[in-house]
Every structure is written in C-alpha cells, then in structure tokens.
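*Asks:* Okay, predicted coordinates and the sequence, questions at the end:
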Amino acid sequence: MHSCRVTNLAAARKQPCSLPTTTTSTCQMTDIVYRRYAGESDLPHIMALVQSELSEPYVIYTFRYFLHQWPHLSYLAHSSDPQISEPVGVIVCKQGMHRDRANRGYIAMLSVRKEWRNRGIASTLVRTAIETMKEDGADEVVLDTEYDNHAALSLYESLGFIREKRLYRFYLNGKDAFRLVLVLPHSESSDDSSNTSDVTVSSRSSRSRRRPLCRAIQVSPYSDEESS
C-alpha cells in the first residue's frame, strides 16, 4: 500500500506523494496485463465495462470526447488467460490547463469487473495514468466520486488523494460527490545551478518555481457521518 498519507492541501504542497509505475501484476492465479487504449476497436469493450459497473450513465459521445483527445491517458487491464478476451478493468482520463494556473489531470472513469476486484487492478490503473500525466507536466490530479462509495474513497485516499469539497446532488441519481485532489511532486531542475539550453526543462522549472506553496480553495466542511 502507498505509504504517503497527507490530510490537507497545504501539507500536500510541502509533502507531495510519489507514485511508482507498474506495468504488470501477478494477481492470485493469473497475470494481469496493462495496455494503452488502442483505438476505436476498444470503444465497445470500454463502454460495456463502464456501463455495467458505474451508476452514472454515459453516452457514446462522452466516451469519444475523452478517448479521441487523450487516447494516451486511457488504459485497459486484461487477464493473460487467452480464454478471457474482454478487458477486466479500464481507466479514462484527460489533462489540460485549469484556469490558466495549473496543469490538471482528471480521472473521468475507473471501472473493474466485480469478480476481478481486490487484486490491485484499480490501483495499478490509477498509478499508471498518474505517471503518464506527470510526464506531461501535470501539477495535480482531480476526480469526483459518490460520497458513499467507500471502496473508491479508500482506494484514492490510500494513493494520497484528499477530499477538497463536497458537491451536493452532483450525480443524476441525486447523490452527492466528493471532489478529491492529488498534488503531484515536481523534481528540482538542474538548470537552477547550470547553464542549459533545454527550453522545455527550463520553462517547466520556471513555471514550477512560480507556483504558490498552497492554493486558496473553498473547502466544504463535512462531519464524520457524511464521510463514513
């Protein structure tokens, strides 16, 4: 389990979490293989998996919005058993500038078939997507999940996500949601002490140094009853 546990955003800015990359995982009696979204042929399988496991309904245009613009931020998990052709897990994400202040990644969908849960598949999918977003310069990753989805909250909080606010009646079924945030670390660029011509590294380092140590946000208070 991920050892970094941060309880507030100010602390997260000072102690960001580091997430290892995992590409394959041995789960009980079979290996799980992870791969990137490969194109339109994957779309029916992703739709079937998400619609069978998640409560929020999505139309095909929603899937295409994410998959066509950010295909490299979607991953599928497969069993190595050749008799199991359908994916057993999927994550769909996007990434972009948020209010011109932060490069933000967003986890839109995460789904694992019920019979394949509790094997580390979801956490591996999340870690893999986050590592890709970090490579693309993400400052933070956010997501929304139902306030009473205890399994999802436990998973994300074990990976370092913290609850930023509660969104009332956020879903079509009338349920509230929690907005979760993970602040990502930025390694110190070596160009601080040497002359380098790497424009990309220099610009990222400058942007990182200009970022404030903490972010002013509106945090909605919630009681133990609300978060249980």
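*Replies:* Structure's in. What do you need?

*Asks:* all contacts plus neighbour counts: C-alpha atoms, from now on.
*Replies:* Will do.

*Asks:* CA atoms only: put the longest helix anywhere in the chain into CSV for me.
*Replies:* Taking DSSP state H as the criterion, the chain has its longest helix at helix 121-135. In CSV, the C-alpha atoms belonging to helix 121-135 read as follows (Å, rounded to 0.1, in the frame of the first residue of the first chain):
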residue,chain,number,x,y,z
ILE,A,121,-6.0,-3.7,-10.7
ALA,A,122,-7.7,-0.4,-9.9
SER,A,123,-4.7,1.0,-8.0
THR,A,124,-2.3,-0.1,-10.8
LEU,A,125,-4.5,1.6,-13.4
VAL,A,126,-4.6,4.8,-11.4
ARG,A,127,-0.9,4.8,-10.8
THR,A,128,-0.1,4.2,-14.4
ALA,A,129,-2.4,7.0,-15.6
ILE,A,130,-0.9,9.4,-13.0
GLU,A,131,2.6,8.6,-14.1
THR,A,132,1.7,9.5,-17.7
MET,A,133,0.1,12.8,-16.5
LYS,A,134,3.2,13.6,-14.5
GLU,A,135,5.4,13.0,-17.6
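
*Asks:* which other helices and strands contact it?
*Replies:* Under the contact criterion of 3 or more Cα pairs under 8 Å, 6 or more residues apart in numbering; DSSP states H and E, helix 121-135 touches strand 75-79, strand 89-98, strand 102-112.

*Asks:* just for this protein, where's the confidence low?
*Replies:* Where the chain drops to pLDDT under 70, the residues are 1-30, 187-228.

*Asks:* Show me where it has its strands.
*Replies:* Secondary structure of the chain (DSSP state E): strands located at 24-27, 30-36, 75-79, 89-98, 102-112, 140-146, 162-167, 177-183.

*Asks:* For the second one, buried residues please.
*Replies:* Which is strand 30-36. For strand 30-36, burial by neighbour count (16 or more other Cα atoms under 10 Å) applies to 32-36.

*Asks:* I'd like to know which elements that strand is packed against.
*Replies:* The criterion is 3+ Cα pairs under 8 Å, 6+ apart, and the helices and strands that strand 30-36 contacts are strand 24-27, strand 75-79.

*Asks:* How about the contacts made by residue 180?
*Replies:* For residue 180, the residues meeting the contact criterion (Cα atoms under 8 Å, 6 or more residues apart in numbering) are 142-145, 161-165.

*Asks:* Quick check: beta-bridge partners of it?
*Replies:* For residue 180, the beta-bridge partners under DSSP bridges are residue 143, residue 163.

*Asks:* any idea how far it is from residue 125?
*Replies:* Residue 180 sits 17 Å away from residue 125, taking Cα to Cα, to the nearest Å as the criterion.

*Asks:* What is the burial count for the nearest residue to residue 153 once chain neighbours are set aside?
*Replies:* Distance criterion Cα to Cα, 6 or more residues apart in numbering; nearest residue to residue 153, sequence neighbours excluded, is residue 145 at 7.5 Å. Residues lying near residue 145 (other Cα atoms under 10 Å) number 22.

*Asks:* now do residue 154
*Replies:* Applying other Cα under 10 Å, we find 11 residues neighbouring residue 154.

*Asks:* One more: residue 168?
*Replies:* Neighbours of residue 168 (other Cα under 10 Å): 12.

*Asks:* tell me the contacts of it?
*Replies:* The contact partners of residue 168, taken as Cα under 8 Å, 6+ apart, are 175-177.
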